[in-house]
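Visitor: what follows is a predicted protein model with its sequence.
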Amino acid sequence: MTLPPLPELPAVSYIMPVLNEEAYLETAVHTILAQDYAGEKEIVLALGPSRDRTDEIAASLAEHDPRVRLVENPATHIPTALNLAIEASRFPVVVRVDAHSELTPDYTRRGIAALRRENAVNVGGVMRAAGRGPVQSAIARGYNSPFGLGGGAYHGDGQPGPAESAYLGIFRREALEAVGGYDPTILRGEDWELNLRIRRAGYLVWFEPALGVTYWPRASLGDLARQFFATGAWRAVLVRRYGRANPWRFFAPGLLVLGIAASLAGLVLLVCGVLPWDSGWSLLPAPALLYLLGIAYATARIPDQRGLRDRLLTAATLVTMHLSWGSGFLRGIVLGGGRVVDRSRV
């Protein structure tokens, strides 16, 4: 399915869900205002009930620039915030931006060029995680490595082409409205779910690696674990709902957690004498050992590390990502998403 061609410089609405982002919001908004795009712009910030200075900063931004507008999101959830911002916005191109992200100056111009060239309805680029301090930098290395997240083209450089999903996204409004926007019942993985419905409606989602976004991840392993547990749980909800439409890689962390749990349980039984060492049962600890060896290999291959501390933090990041995501996935498969939410920003 195709839509009428876009004009050369369509007006653009940037939408951003915001909650407890006092350290990042101002910079994120300024990178939008600094876009080297000559078309008309507006920014709609959907404000959740923050507990820091976020609302004060947002109000100051809106006061100093009429292109910045505010809407309230009392529900706090990201899909609801995005839908509220879309409803309050006006222009034919909708660009999703996160408060923890910074757009390159040419992001909008290149993205709209790709929309027009490919007759796509959503275009996404590459997420490049960055960090301040040793822990956040280690988490950024995990994000940027296939050993951490893996799979999605937008986590690394690749070739332009049709895509399963898109990071953030530069949308044609007509397509968003045609599929009903974001599903407010999907609290994580809402991008993938939306893009699945877009593709099933016959529209094109396009990956454009020339588009770059700097992403500032969680700054502690505890927050990372909470984020990834919630992400895994809601990925399982998508598996329950859409079955084979989910790529195989989404199942890997859950299988990993099951394998490690069985391996450690077997080791305990061997040590306690319940199972004999001089038998095939002695192979039970092998999966856990192989995983540790895999983490050591991955840590050695990931670049931009200085010294033992960086390598230990990288290894801890990878383990946190894998096991938190996998544990959340198993929880979601058995019990659904329920009340699992990402509280790492709260």
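Guide: Ah, there it is.

Visitor: number of residues surrounding P209?
Guide: Neighbour count for P209, taken as other Cβ atoms under 10 Å: 16. C-beta coordinates here come from the backbone N, C-alpha and C atoms, glycine included.

Visitor: mind checking the SS state of it?
Guide: What DSSP: H, G, I helix; E, B strand; the rest coil gives for P209 is strand.

Visitor: just to check, it is in contact with G125?
Guide: Yes: using Cβ atoms under 8 Å, P209 is in contact with G125, at 6.4 Å.

Visitor: just the helices in the stretch 201-346 of the chain please.
Guide: Ranges of helices in the stretch 201-346 of the chain, per DSSP state H, counting those that start in this stretch, are 221-242, 252-271, 286-301, 307-335.

Visitor: just the buried residues of the second one, please?
Guide: Judged by neighbour count using 16 or more other Cβ atoms under 10 Å, the buried positions of helix 252-271 are 252-254, 256-257, 259-261, 263, 266-267, 270.

Visitor: how about these in CSV, adding pLDDT and distance to G169?
Guide: Formatted as CSV, the buried residues of helix 252-271 follow (pLDDT from 0 to 100; distance: Cβ to Cβ, whole Å):
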residue, pLDDT, distance to G169
A252, 92, 25
P253, 93, 25
G254, 95, 27
L256, 95, 29
V257, 97, 30
G259, 95, 35
I260, 96, 35
A261, 96, 37
S263, 95, 40
G266, 93, 45
L267, 93, 45
L270, 92, 50
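
Visitor: among those residues, which one lies nearest to G294?
Guide: For the buried residues of helix 252-271, the closest approach to G294 (Cβ to Cβ) belongs to L256, at 9.7 Å.

Visitor: low-confidence ranges in the stretch 101-250 of the chain?
Guide: Residue ranges of the stretch 101-250 of the chain with pLDDT under 70: 150-157.

Visitor: how about 80 then?
Guide: For the stretch 101-250 of the chain, applying pLDDT under 80 flags the ranges 149-158.

Visitor: going along the chain, name the strands of it.
Guide: Listed in chain order, the strands of the stretch 101-250 of the chain (DSSP state E, counting those that start in this stretch) span residues 101-103, 122-129, 161-162, 170-172, 205-215.

Visitor: so what touches the third one?
Guide: Read it as strand 161-162. 204-207 (Cβ atoms under 8 Å, 6 or more residues apart in numbering).

Visitor: distance of the residue nearest the centre of the chain from V213?
Guide: The chain has Y167 as the residue nearest its centroid, 7.0 Å off, counting by Cα atoms, centre = their mean. According to Cβ to Cβ, to the nearest Å, Y167 and V213 sit 7 Å apart.

Visitor: mutual contacts of those two, please.
Guide: With Cβ under 8 Å, 6+ apart as the test, Y167 and V213 both reach 125-127.

Visitor: just among those, which is most surrounded?
Guide: G125 (27 neighbours).

Visitor: between the contacts of strand 161-162, which is closest to G148?
Guide: For the contacts of strand 161-162, the nearest to G148 is F207 (19.2 Å; Cβ to Cβ).

Visitor: which residue is the nearest non-sequential neighbour of that closest one?
Guide: Sequence neighbours aside, A163 is the residue nearest to F207 in space, at 3.9 Å (criterion: Cβ to Cβ, 6 or more residues apart in numbering).

Visitor: for the residue lying farthest from the centre of the chain, what are its contacts?
Guide: Residue farthest from the centre of the chain, counting by Cα atoms, centre = their mean, is D278 at 46.7 Å. Contact analysis of D278 by Cβ under 8 Å, 6+ apart lists nothing.

Visitor: got the phi and psi for it?
Guide: Backbone dihedrals for D278, given as degrees, to the nearest 10, come out at phi -90, psi 50.

Visitor: from V213, how far off is P105?
Guide: 12 Å.

Visitor: and the two? Which one has more around it.
Guide: Just comparing P105 and V213: by other Cβ under 10 Å the higher neighbour count belongs to V213, 22 against 13.

Visitor: give the contact list for that one.
Guide: V213 neighbours (Cβ under 8 Å, 6+ apart): 101-104, 107, 125-128, 167-168.

Visitor: in CSV, list the shared contacts of Y167 and V213 along with distance to A34.
Guide: Shown next, in CSV, are these (distance: Cβ to Cβ, whole Å):
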residue, distance to A34
G125, 17
V126, 19
M127, 19
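
Visitor: and those, which is closest to E8?
Guide: Among the shared contacts of Y167 and V213, and counting by Cβ to Cβ, the member closest to E8 is G125, at 20.6 Å.

Visitor: contacts only, for that closest one.
Guide: G125 touches 107, 110-111, 154, 167-168, 207-213, counting by Cβ under 8 Å, 6+ apart.
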